[in-house]
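> Take a look and give me a structure for this.
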Amino acid sequence: TLITNPDQDMEQVVVAGVAVDKNQAKITLTRLPDRPGIAAKLFGEIARANLVVDMIIQNASEGGLTDISFTVPRTEAEQALKFAEQTLADLEANEAKLQTGIAKVSIVGVGMQSHSGVASRMFEALAAENINILMISTSEIKVSCIIQDRYAELALRTLHDAFELGERP
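Residues are numbered from 1 along each chain as shown. Model prediction:
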């Protein structure tokens, strides 16, 4: 679902649209050694299986170990988990965990790159509705959050209102 305001000039608008994608699943590999080549091995295996990875988050290292989480289309979740589990021994990782029941909500806009506070406004709006953020990914023109999918429509409406995108969905 993508909601935009067609009456706004894209160059001047901080946030031009809000999107929700419920076709998401998250895989987390825990307690991987934090050293060069680990991510390359993991995502090399997943790429060879022709699986599409969306968001990737690596936690800060603690005691030389880290966790890596990534999202894939929900339809490919079981296959991606299988490949992640097959790499556990080679990666010296502890376990691979699958979480379904998630959605990605994103705000997009060319103007975001020149305005401060856009992400914090998004996070505050979600927090006001008691929507917990599981993962965050940003770029110059987009901020995406992984949330529980039961909050997807509420998040869409909340962000639509927070960024004053016109008629409510």
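> contacts and neighbour counts: CA atoms only from here.
Will do.
> lowest average confidence, helix or strand, in the chain?
Lowest by mean pLDDT, DSSP states H and E among the helices and strands of the chain is strand 2-4, with a mean of 49.
> In CSV, please show the C-alpha coordinates belonging to the longest strand along the chain.
Ranked by residue count and defined by DSSP state E, the top strand of the chain is strand 17-33. Output in CSV follows, covering the C-alpha atoms of strand 17-33 (Å, rounded to 0.1, in the frame of the first residue of the first chain):
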residue,chain,number,x,y,z
GLY,A,17,4.2,9.2,0.8
VAL,A,18,3.8,6.4,3.2
ALA,A,19,4.0,2.7,2.2
VAL,A,20,3.2,-0.6,4.0
ASP,A,21,4.5,-4.0,2.9
LYS,A,22,2.9,-6.9,4.8
ASN,A,23,4.8,-9.5,2.8
GLN,A,24,7.8,-9.6,5.1
ALA,A,25,9.6,-12.1,7.3
LYS,A,26,12.7,-11.6,9.5
ILE,A,27,15.6,-14.0,10.0
THR,A,28,18.1,-13.5,12.7
LEU,A,29,21.4,-15.3,13.1
THR,A,30,22.8,-15.0,16.6
ARG,A,31,26.2,-14.9,18.1
LEU,A,32,28.2,-14.9,14.9
PRO,A,33,31.9,-14.1,15.1
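> Could you tell me how far that strand lies from the centre of the chain?
Chain-centre distance of strand 17-33: 5 Å, with Cα atoms, centre = their mean, to the nearest Å.
> what comes up buried for the next helix or strand along the chain from it?
As assigned by DSSP states H and E, the chain's next helix or strand after strand 17-33 is helix 38-48. Residues 38, 42-43, 45-46 are the ones in helix 38-48 that count as buried (16 or more other Cα atoms under 10 Å).
> before we move on, what SS does His160 have?
helix (DSSP: H, G, I helix; E, B strand; the rest coil).
> quick thing: my sequence starts at 41, can you match it?
Okay, residue one is now 41; in that scheme the one you just asked about reads as His200.
> and it, how many neighbours?
Neighbour count for His200, taken as other Cα atoms under 10 Å: 25.
> Quick check, Ile181 in contact with Gln153.
Yes: counting by Cα atoms under 8 Å, Gln153 is a contact partner of Ile181 at 6.2 Å.
> Neighbour count: those two, which is higher?
Between Ile181 and Gln153, counted using other Cα under 10 Å, the more crowded position is Ile181 (16 against 13).
> Report the contact partners of that one.
The contact partners of Ile181, by Cα atoms under 8 Å, 6 or more residues apart in numbering, come to 148-153.
> That one and Val148, how far apart?
To Val148, Ile181 is 6 Å away according to Cα to Cα, to the nearest Å.
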